[in-house]
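Participant: whatever this is, show me its structure:
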Amino acid sequence: MAKTENGLKLIRPGSRRPDTEPQRNENRSGSYRRPDFMRKILIILEHPFAESLGEALATSYQAGADVAGAETRLLRLKDLDFDPILRRADQALEPDLVAAQEAIRWSDHLVFVDPTWWTNLPALLKGFIDRTFQTGFAFRYRKDSPFPEKLLSGRTARLLITMDAPSFWDRWVTGRPQTHALRRGTLKFCGVSPVAVRVFHQVRTSTPARREAWLAECVALGRGDAAG
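Facilitator: Below you'll find the predicted structure:
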């Protein structure tokens, strides 16, 4: 693990937090229980900085899911090569977006990790959704019906959102625009449900101890999601 100038500890690929060591799956009698299935979890991370809280949350979640037996993939949008602007209806997908669609098809649980900028999604994440969640892939319009065919049905999702604003501002002043845009306007529209949401408020003024607690929480969330 590395430590940044603000005291935030990050998890590096291949490393493991002390509280994420592999554990036996046991039932109440203490005997070994084989998992019924292996969940396929795709983590979609949007943050331009490697030393970010979002990076730490995503890798902590992945560590928890991995040790609980899930198969995980981490997709960092900053590493993809694509045009985030939808310029025309017949715009071809770049190879990285084709691979992203294949990863979404592969998964049965999606996890979005991103900050809140100007009360909403970062531009790169919005562009990724515009380009990737296309008609024919994520949904399909039906003739003579206002309701689309939901092509991503059978999947669940979790949102891990960070913001500097306090909870009351997010809920009562701005009305949770990012949560509604991702959960209702995008994922549920395409059939992904249920969508759990965890917002980490007041990041800018948070203490190292509070951030460590958030990382531990994400480890636990990953473990829980891996169990289905």
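Participant: make it CA atoms for all contacts and neighbour counts henceforth
Facilitator: Will do.
Participant: mind listing the helices for this protein?
Facilitator: With helices called from DSSP state H, the chain shows them at 53-67, 95-106, 123-132, 167-168, 177-179, 208-226.
Participant: Thr174 contacts Thr119, correct?
Facilitator: Yes. If you go by CA atoms under 8 Å, Thr174 and Thr119 touch, sitting 7.1 Å apart.
Participant: Thr59 and Cys218, how far apart?
Facilitator: Relative to Cys218, Thr59 is positioned 9 Å away (CA to CA, to the nearest Å).
Participant: okay, Thr174 and Thr119: which has more neighbours?
Facilitator: Thr119 (17 against 12; other CA atoms under 10 Å).
Participant: state the pLDDT value of that one.
Facilitator: If you check Thr119, the pLDDT there is 94.
Participant: got a list of what it touches?
Facilitator: Thr119 is in contact with 170, 174, 176-178, counting by CA atoms under 8 Å, 6 or more residues apart in numbering.
Participant: and those, which is closest to Ala99?
Facilitator: Nearest to Ala99, judged by CA to CA, of those is Gln178 at 25.4 Å.
Participant: okay, and the beta partners of the residue nearest to that closest one when sequence neighbours are not counted?
Facilitator: What sits nearest to Gln178 in space, not counting adjacent residues and going by CA to CA, 6 or more residues apart in numbering, is Asn120, at 4.5 Å. Here Asn120 sits in beta bridges with Trp117, as judged by DSSP bridges.
Participant: my guess is Asn120 contacts Gly175, does it?
Facilitator: No. Between Asn120 and Gly175 there is no contact under CA under 8 Å: 10.6 Å.
Participant: if we can go back for a sec, any chance of the contacts of Thr119 in CSV, with pLDDT and distance to Asp66 too?
Facilitator: Formatted as CSV, the contacts of Thr119 follow (pLDDT from 0 to 100; distance: CA to CA, whole Å):
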residue, pLDDT, distance to Asp66
Asp170, 92, 32
Thr174, 92, 36
Arg176, 94, 31
Pro177, 95, 31
Gln178, 96, 28
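Participant: can I get the buried part of the residues you listed as one PyMOL selection?
Facilitator: Buried residues within these, by 16 or more other CA atoms under 10 Å, are selected in PyMOL with:
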select buried, resi 170+176+177+178
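Participant: so which of the contacts of Thr119 comes closest to Leu125?
Facilitator: Of the contacts of Thr119, the one sitting nearest to Leu125 (CA to CA) turns out to be Gln178, at 11.2 Å.
Participant: for the closest one, give me its contacts.
Facilitator: Gln178 makes contacts with 116, 119-121, as judged by CA under 8 Å, 6+ apart.
Participant: now the buried members of these.
Facilitator: Using 16+ other CA under 10 Å as the burial test, those include 116, 119-121 as buried.
Participant: ok, which pair from these is furthest apart?
Facilitator: Farthest apart among the buried ones among the contacts of Gln178 by CA to CA are Thr119 and Leu121. That separation is 7.3 Å.
Participant: show me the shaky parts of this structure.
Facilitator: Low-confidence segments of the chain (pLDDT under 70): 1-37.
Participant: what is the burial count for Trp106?
Facilitator: The burial count for Trp106: 12, using other CA under 10 Å.
Participant: next: the one 4 residues further on.
Facilitator: As a burial measure, the neighbour count of Leu110 was computed by other CA under 10 Å and equals 22.
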